[in-house]
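> Let's see this in three dimensions:
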Amino acid sequence: GCHGAAGAVITNTACPQLGSIASATVSPTIASILALFPAPNLSGNRYAFPLNQPLAEHYGQVRVDHSFSAKDSLFGRYTMDNADQTLGEAYPQFSLIEHSQSQYITGAENHIFSPTLLNVLRFSYSQTVLGSTTPSDIIGPGYSLVAGLEIGGISVGGTTAMGPDGPSPINYNQYLETYSDDVFYTKGKHSLIFGAVLNRYDDYLHNSTNLRGTVTFANIASFLNATASNYTAETPGSILHHDYLYTAMGFYVQDNYRINPRLTLNLGLRYEPGTVPSDTNGNSAALRNLVTGSANTIGPPWRNYTLKNFSPRFGFAWDATGDGKTSVRGSFSELYDIANLGSVLIIGLAGTAPFSTIGNVGTSTVITLPLTFPAGQITTSQRTTDYYMRQPHMLQYSFSVQRQLPWSLLLTAAYAGSRGIDLTDTLEGNPIIPQIVNGQLYWPVGGARQNPHWGYIGLNTSQGSSRYNALQLELLKRLSSGLQFQL
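Below is the predicted model:
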């Protein structure tokens with residue numbers, strides 16, 4: 001009852017979803033898209049359709065081990081894992097086709113210099129290729145929100161949103177080379193481990209968010225009248241792909257120091273600097289002044305926050321009673337998240353000016369297709385990273401007491417905790433300036449923003465945090481007399 005050709009009058013008798021609105025006329029702009037919505041085939045104004053989601057995966061691995069001598073050995077391994085999967089979307093006209101191609105090469109050489117000195121040299125190469133497409137073949141006059149492209153996202157209040165997968169087609173490809181060397185040395189009461197690791201990243205990223213456009217309608221009546229409350233599309237000519245190169249390094253030393261038979265200390269320090277991702281075509285920039293900046297500055301997406309990444313580690317194990325029946329253990333470490341940058345970089349793919357920007361009209365507008373962006377109504381939005389972002393890191397700590405009891409029982413009481421600091425999060429970087437109405441703060445829709453040069457700014461920054469605290473109690477009955485249990 002809510003369907004009809006262009007010019008048809010839809011009443012709330014035939015279409016109860018109109019609510020208190022007596023009738024609405026089907027706009028010629030929207031008639032073709034309206035016909036894409038299927039009629040309900042279940043009670044409660046619901047629709048169901050059969051769905052097939054095939055998955056194919058091909059996996060293989062080859063390993064080689066070779067001993068040159070009693071003191072020198074070589075290890076090599078090659079792994080491949082390819083997969084293709086088709087997923088359904090909310091409507092039968094749309095699907096999501098995902099594919100992955102992963103290859104991993106690892107090699108290591110172990111050399112024993114003496115009974116107290118061992119060296120392990122490693123190399124690895126990883127290639128992870130992830131992609132997706134979302135074909136619908138729904139394109140042309142009456143369907144395309146952006147000229148020449150398939151239909152985008154249609155959101156109507158009170159119904160399930162229609163359209164293809166928003167970010168697709170995507171390509172998230174990472175090529176990683178890793179070189180490391182670890183030395184194990186024992187001298188007296190000290191067991192020393194020290195070494196270095198070098199990771200060289202090449203991330204090719206392509207994301208199509210907002211490329212085909214999205215339109216939001218407040219309700220079914222507004223949809224039938226083609227009156228959008230909001231619509232968005234990527235600005236023509238935007239660059240949606242980037243090829244980033246960056247390096248992460250690690251240098252560490254650790255000493256397991258057995259002070260006496262009852263007390264052992266674990267002391268360690270790690271230094272983990274890195275470089276800022278650099279686009280091979282120079283297509284990176286940052287808005288360095290969120291409050292007044294009118295243009296992004298060409299250059300690195302953020303300042304280098306890794307140069308002070310010193311990471312201490314401490315632990316101990318103590319035989320409290322000296323009879324081997326009561327042990328006390330504790331640990332503390334500061335850990336840096338130095339190369340998990342994929343999600344941060346993806347945020348800015350389809351929206352960091354001047355290489356790509358997003359056009360948005362946030363006022364009630366009768367639309368035509370393809371979408372147009374009147375100069376007096378458009379606001380330029382962007383999705384970008386915070387140039388002054390801080391280093392995400394985590395503090396981890398633990399303490400435990402373990403006591404051996406009669407009848408082969410072992411009682412453990414432990415505390416484990418962590419605190420995440422400066423974790424990445426996406427926030428509104430250009431909030432609407434609040435007003436005071438009846439003594440309360442009020443953020444008006446379409447109100448003036450903090451930075452008048454921009455509309456919405458999806459800002460990936462480091463204001464997130466996390467806390468974890470856990471008390472762990474365990475009673476373990478070791479196997480004896482045919483009985484074993486754990487509580």
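
> those strands in the stretch 101-250 of the chain, which residues are they?
Counting by DSSP state E, counting those that start in this stretch, one finds strands in the stretch 101-250 of the chain at the ranges 117-133, 153-156, 170-187, 190-206, 214-217, 227-228, 230-234, 241-260.

> Can you name the residues bridging to the closest residue to Tyr175 other than its chain neighbours?
In space, and not counting its chain neighbours, Tyr175 is closest to Asp202: 4.2 Å by Cβ to Cβ, 6 or more residues apart in numbering. In short, each C-beta sits where N, CA and C put it, glycine included. Residues in a beta bridge with Asp202, per DSSP bridges, are Tyr175, Leu245.

> Relative to the whole chain's centre, how far out is the helix or strand encompassing Arg467?
According to DSSP states H and E, Arg467 maps onto strand 457-480. Chain-centre distance of strand 457-480: 20 Å, with Cα atoms, centre = their mean, to the nearest Å.

> what's that strand packed up against?
Where contact means 3 or more Cβ pairs under 8 Å, 6 or more residues apart in numbering; DSSP states H and E, strand 457-480 is packed against helix 342-347, strand 379-385, strand 409-428, strand 483-486.

> who does the third one pair up with?
Here strand 409-428 has these sheet partners by DSSP bridges: strand 393-405 (antiparallel), strand 457-480 (antiparallel).

> for the longest one, what is the average pLDDT?
Put plainly, it is strand 457-480. Taken as a whole, strand 457-480 has an average pLDDT of 92.

> now swap in stretch 155-167 and tell me
94.

> Quote the end-to-end distance of that stretch.
16 Å (Cα to Cα, to the nearest Å).

> so who does Met389 touch?
For Met389, the contact set (Cβ atoms under 8 Å, 6 or more residues apart in numbering) comprises Trp302, Arg303, Tyr305, Asp422, Thr424, Asn460, Thr461, Ser462.

> can you count the residues close to the closest residue to the last one other than its chain neighbours?
In other words, Ser462. Closest residue to Ser462 apart from its sequence neighbours, by Cβ to Cβ, 6+ apart: Asp422 at 4.1 Å. Neighbours of Asp422 under the rule other Cβ atoms under 10 Å: 18.

> Same check on Val401?
With other Cβ under 10 Å as criterion, Val401 counts 16.

> ok, now the one 5 residues further on?
By the other Cβ under 10 Å criterion, the neighbourhood of Pro406 contains 5 residues.

> Quick check on it: phi, psi?
When quoted as degrees, to the nearest 10, the phi and psi of Pro406 stand at phi -60, psi 170.

> show me what contacts it?
By Cβ under 8 Å, 6+ apart, the contact set of Pro406 is empty.

> What of Ser278?
Taking Cβ under 8 Å, 6+ apart as the definition, contacts of Ser278 comprise Tyr244, Leu245, Tyr246, Ser284, Pro300.

> Can you say which of those residues are buried?
Tyr244, Tyr246, Ser284, Pro300 (16 or more other Cβ atoms under 10 Å).

> Tell me the secondary structure at the nearest residue to the last one once chain neighbours are set aside.
Think Pro300. Once flanking residues are discounted, Pro300 sits nearest to Val276: 4.4 Å by Cβ to Cβ, 6+ apart. Secondary structure, DSSP: H, G, I helix; E, B strand; the rest coil: Val276 is coil.

> and Val276, what does it touch?
Contact analysis of Val276 by Cβ under 8 Å, 6+ apart lists Tyr246, Pro300, Pro301, Trp302, Arg303, Asn304.

> wait, what's in contact with the fifth one?
Read it as Arg303. Per Cβ under 8 Å, 6+ apart, neighbours of Arg303: Val276, Tyr387, Tyr388, Met389.

> Which ones among those residues map onto helices?
Among the contacts of Arg303, DSSP state H puts none in helices.

> of these, closest to Ser136?
Using Cβ to Cβ, Met389 is the member of the contacts of Arg303 that lies nearest Ser136, at 37.1 Å.

> Now Ile433, what are its backbone angles?
phi -70, psi 120.

> Check which helices and strands the helix or strand bottoming out on mean pLDDT in the chain sits against.
Lowest by mean pLDDT, DSSP states H and E among the helices and strands of the chain is helix 342-347, with a mean of 79. Secondary-structure packing of helix 342-347 (3+ Cβ pairs under 8 Å, 6+ apart): strand 170-187, strand 190-206, strand 379-385, strand 409-428, strand 457-480.

> Redo the ones you listed as CSV? Include distance to Ile436.
Below are these laid out as CSV (distance: least, Cβ to Cβ, whole Å):
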stretch, distance to Ile436
strand 170-187, 44
strand 190-206, 43
strand 379-385, 24
strand 409-428, 20
strand 457-480, 24
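
> most neighbours per residue, which of the ones you listed?
Comparing the helices and strands packed on helix 342-347 on average neighbours per residue, with mean count of other Cβ atoms under 10 Å, the densest one is strand 379-385 at a mean of 23.

> Residues in contact with that strand: which ones?
209, 232, 235, 285-287, 296, 301-302, 344-345, 347-348, 350-353, 356-362, 429, 454-461.

> Measure how that strand sits relative to strand 457-480, angle-wise.
30 degrees (axes from the mean of the first three to the mean of the last three Cα atoms, to 10 degrees).

> and strand 379-385, average pLDDT?
85.

> same thing with stretch 396-416?
94.

> One more: stretch 436-448?
87.

> Report the distance from it to the chain centre.
That offset, for stretch 436-448, works out to 33 Å (Cα atoms, centre = their mean).

> what's near enough to touch the residue minimising distance to the centre of the chain?
In the chain, the residue lying closest to the centroid (Cα atoms, centre = their mean) is Ser343, at 4.0 Å. By Cβ under 8 Å, 6+ apart, the residues touching Ser343 are Thr424.
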